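Peer 1: No letters, just coordinates:
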């Protein structure tokens, strides 16, 4: 199931983004080395899917526990997702994390790879927020029982826009941090050790972000303009830190009209999506995740259903013609909306 869904998700990730720049793949530990990805968290489930599909190794994810509903648990489990409990889930639920930490220890002992969002939650910002000590605790506790060296690989996800398709994504893998180097020679790690490692991980993630901090954020976030997508990570990071004043990205009214026209062949499917977006999505950070789910599940079902109905009412030739129009209008619209 994981292999199948990984391939489906990877195809949708590639289709969703116009260009994907990946840097630092040589920093990913090779062979059977156990390690932890520590990633900034900007776009809810999209962040996890990107790492899970583009990473050269299968990944186990720590995921907020409240999404594990009876109707979704089977699919989340097939994605290698593991529930993690937060204070908002109730103080009594936090005790369940002890079992989760033991599960992570066992996975690392089996040379698996774990994905952690050390900020603890997502937010629609390009900069890194405060990193919690959770990543330190997980890394140290796992290293105590593991003869192999565990490393933490800092990762930076830099979206030009995760809410609009066909925009650029920059994925950076930083140099791995050897956990054993930050542990005391004798005894268990104390608060100072945990905090030192937390700061180290935080600074390493920042090195892989275009905007590591919120300094002059309202101006500097405009560096993620379409015209700058041709720049490499180092070039756009240098531009963002040049002290320049950036104009807000422009939008084309004509492109917006065309994008609406291209909706017509798939109007029922898109009306369903817009209903979900309006009534079920409370945070911008979830938009790309819902769009990804739409591309993976709803749109293929819609294409298959309309194809069979058209074939039944008319004939197979017309059904294939309608299918081609629906598919190509969807793919063309994917590019047009980057300007809308």
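Peer 2: Everything's here; your move. Computed from a prediction, not measured in an experiment: that's the story for all the values here.
Peer 1: From now on I want contacts and neighbour counts done on CA atoms only, so please keep to that.
Peer 2: Noted.
Peer 1: What residue spans form the domains of the chain?
Peer 2: Using automatic domain parsing, the domain parsing of the chain gives 2-240, 253-336.
Peer 1: which one of those lies closest to residue 247?
Peer 2: domain 2-240 (6.4 Å; CA to CA).
Peer 1: hmm, who's touching the helix or strand that contains residue 63?
Peer 2: Using DSSP states H and E, residue 63 sits in strand 60-64. By CA atoms under 8 Å, 6 or more residues apart in numbering, the residues outside strand 60-64 that reach it are 48, 79-86, 112-117.
Peer 1: Closest one to residue 229 out of the residues you listed, please.
Peer 2: residue 48 (22.8 Å).
Peer 1: Ignoring the adjacent residues along the chain, who's closest to that closest one?
Peer 2: Leaving out its chain neighbours, the residue that sits closest to residue 48 by CA to CA, 6 or more residues apart in numbering is residue 61, at 7.1 Å.
Peer 1: give me the number of residues near the one you found?
Peer 2: When neighbours are defined as other CA atoms under 10 Å, residue 61 has 26 of them.
Peer 1: Bridged to it, which residues?
Peer 2: Residue 61 forms beta bridges with residue 81, residue 115, as assigned by DSSP bridges.
Peer 1: what about the strands in the stretch 51-200 of the chain?
Peer 2: With DSSP state E, counting those that start in this stretch, the ranges of strands along the stretch 51-200 of the chain come out as 60-64, 81-84, 113-116, 151-159, 168-173, 177-178.
Peer 1: so of those, which one's packed in deepest?
Peer 2: strand 151-159 (a mean of 25; mean count of other CA atoms under 10 Å).
Peer 1: Which one among the contacts of strand 60-64 sits at the bottom for pLDDT?
Peer 2: The lowest pLDDT within these belongs to residue 86, which sits at 66.
Peer 1: What is the host helix or strand of residue 46 packed up against?
Peer 2: Assignment of secondary structure by DSSP H and E places residue 46 within helix 45-54. Packed against helix 45-54 by the contact rule (3 or more CA pairs under 8 Å, 6 or more residues apart in numbering; DSSP states H and E) you find helix 2-16, helix 287-293.
Peer 1: Check which helices and strands the last one is in contact with.
Peer 2: Which is helix 287-293. helix 2-16, helix 45-54, helix 267-280.
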